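Engineer: I'd like to go over a predicted model; first the sequence, then the structure.
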Amino acid sequence: MELSKKYFMLISFFIILSSLGIESTKEEPPRIGKHFVLIHGACLGAWSWYKLETLLKSSGHNVTALDLGASGINPLQANDLQSSSDYFKPLRDFMEAFSFHERVILVGHSYGGYAISQAMEYFPSKISVAVFATAFMPGPTLNYSTLNQMSTSQRGPQLDTHYTYDQGPNNPPTTLIFGPLYSASELFPLSPIEDLTLATLLLRPLRLFSDEDLSKQLMLSTKKYGSVKRVYIIAGKDKVITRDFQLWNIERNPPNDVVEIKGSDHMVMMSKTIELWSHIQGIAEKYS
């Protein structure tokens, strides 16, 4: 399906959202508006935040949900990305253009934890707090290779996840995309069926990069990355980044605070939208 058709389907889901009773949350007490920057996970896009973005905006906040390279409606294709730097570039470009007089709350989901980590290293003075929502959280003493090795060792069945080998079958895969079965049983098992349907329409292949490439892009220092406050949100029923892995990541790279959302699958913004909305507003108030 072409991206334009997928985007049309996304608009249709926003219309459906209006009938789900979310407007009732507008009765919450008014808050001083913050600026949230939402970064999606692997194969996803800015569209994956549509519920949370709606709630945050209805609460008086500014929200920017970005598509990383070759994701969502970004015009690049996966094989156009020459390195992970190209994949992270939309976030770097946004942060580069953002005023020095303002600071944002960065929220990264899953693989998006790597993108916000690089932004923390490059633009620490522009970030009031970084939120890792069941996300990979590297650090000055926890590099990408170590995280990836541990993640791979705990990885469950890949089911119908599809890999491509554009450099030949004897070389590592170049892209992956989650299949319908994997999405239903691993990513979205506790999320509304409508959100699973949306994902099957809008998922795009993730370009796979070498450990060497990602390690080079994620060289994080205590002086810069370490100066930004961090909060980790545990998804209690995540089958992709398991709770045990999340706890291991937290132990190896302790954040300033930890919150757990019980009963959430990997797609915490879908399965536990209200809880996530409440927690990140509280985090923003505490650290802004």
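Structural biologist: That came in fine, so what should we check first? Numbers count the residues shown, from 1 in each chain.
Engineer: Residues in a beta bridge with the most centrally placed residue in the chain, which ones?
Structural biologist: Residue closest to the mean C-alpha point of the chain, counted by Cα atoms, centre = their mean, is H109 at 2.3 Å. H109 has these beta-bridge partners by DSSP bridges: A133.
Engineer: The chain should start at 49 in everything you say after this.
Structural biologist: With 49 as the first residue, the last one maps to H157.
Engineer: Touching, it and A90? I think so.
Structural biologist: No. Counting by Cβ atoms under 8 Å, H157 stays clear of A90, with 9.5 Å between them. Every residue, glycine included, has its C-beta placed from N, CA and C.
Engineer: Show the residue spans covered by the strands in the chain.
Structural biologist: For the chain, applying DSSP state E gives strands covering 83-87, 110-114, 152-157, 175-181, 210-212, 223-225, 254-255, 278-283, 305-309.
Engineer: on contacts alone, who are the packing partners of the longest one?
Structural biologist: Other elements packing on strand 175-181 under the criterion 3 or more Cβ pairs under 8 Å, 6 or more residues apart in numbering; DSSP states H and E are strand 152-157, helix 160-170, strand 278-283, helix 321-335.
Engineer: Mind putting the ones you listed into CSV with mean pLDDT?
Structural biologist: Shown next, in CSV, are these (pLDDT from 0 to 100):
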stretch, mean pLDDT
strand 152-157, 99
helix 160-170, 99
strand 278-283, 99
helix 321-335, 98
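Engineer: Please work out which of those is packed deepest.
Structural biologist: Of all the helices and strands packed on strand 175-181, strand 152-157 carries the top mean neighbour count, a mean of 28, counting by mean count of other Cβ atoms under 10 Å.
Engineer: Mind listing residues that contact that one?
Structural biologist: The contact list for strand 152-157, computed with Cβ atoms under 8 Å, 6 or more residues apart in numbering, reads 82-89, 92, 96, 112, 143, 146, 162-165, 167-168, 174-183, 316-317, 328, 331-332, 335-336.
Engineer: Filter these down to the buried ones, PyMOL style.
Structural biologist: Applied in PyMOL, the following selects the buried portion of the contacts of strand 152-157 according to 16 or more other Cβ atoms under 10 Å:
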select buried, resi 82+83+84+85+86+87+88+89+92+96+112+143+146+162+163+164+165+167+168+174+175+176+177+178+179+180+181+182+183+316+317+328+331+332+335
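Engineer: Stretch 301-318 - what's its average pLDDT?
Structural biologist: Average pLDDT, stretch 301-318: 99.
Engineer: Equivalent analysis for stretch 135-143, please.
Structural biologist: 99.
Engineer: Just confirm V306 contacts I282, I think it does.
Structural biologist: Yes. Counting by Cβ under 8 Å, V306 touches I282, with 6.6 Å between them.
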